[in-house]
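# any chance you could fold what I've pasted below:
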Amino acid sequence: MKINDECISCNACLDECPSNAIQNAGANYELDGKSFSSLSDDHPYIVTELCDNCKNCVEVCPTESIIED
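Here you go, the predicted model:
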C-alpha cells in the first residue's frame, strides 16, 4: 500500500491503522529498533514493512489516495 500525491493530508488514515504503519508527513519512523528518516515530507506515508494490508485506511480516505503498489 502507498499514499500518492492526491493526498490532502487530512490524516483520517492515521487513526484507522491498527499496525501503526502510517506516519505523519516529515516524521521519522522506527523499525526493528532502528530509526529511519521520513519517507515523505508532503503527506502521510505508509511503512511497507509494518503494513498488514488490512485496507482500513483505504476505506476512510476521502480522496482515494491510498493505492496498492
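# who does residue 30 bridge with?
Beta bridges link residue 30 to residue 35 when assigned by DSSP bridges.
# what about stretch 21-39, start to end distance?
Taking CA to CA, to the nearest Å, stretch 21-39 runs 12 Å from one end to the other.
# against residue 60, how distant is the residue lying farthest from the centre of the chain?
Distance from the C-alpha centroid of the chain, by CA atoms, centre = their mean, peaks at residue 33 (19.1 Å). As judged by CB to CB, to the nearest Å, residue 33 and residue 60 stand 30 Å apart. Backbone N, C-alpha and C define where each C-beta goes, glycine included.
# next: residue 35.
Here residue 35 is placed at a distance of 28 Å from residue 60 (CB to CB).
# compare these two (neighbour count), which wins?
A direct count of neighbours by other CB atoms under 10 Å for residue 35 and residue 60 places residue 60 higher, at 15 against 8.
# could I get the pLDDT score of that one?
As predicted, residue 60 sits at a pLDDT of 97.
# cool, residue 42 as well?
Confidence at residue 42, expressed as pLDDT, is 95.
# so that it lines up with my notes, have the first residue be 36 from now on.
From this message on, residue numbering opens at 36, which makes the last subject residue 77.
# which ones are touching it?
Residues in contact with residue 77 (CB atoms under 8 Å, 6 or more residues apart in numbering) are 40, 42, 44, 60.
# ranking those by neighbours, who comes first?
residue 42 leads those on contacts (other CB under 10 Å) with 21 neighbours.
# which parts of the protein are helices?
Assignment of helices within the chain using DSSP state H yields the ranges 47-51, 91-95.
# show me where pLDDT drops low in the chain?
Counting by pLDDT under 70, not a single residue of the chain qualifies.
# repeat that for 90
By pLDDT under 90, the low-scoring segments of the chain are 104.
# mind jotting down where the strands sit in it?
Applying DSSP state E to the chain gives strands spanning 37-38, 57-58, 64-66, 69-71, 80-81, 101-102.
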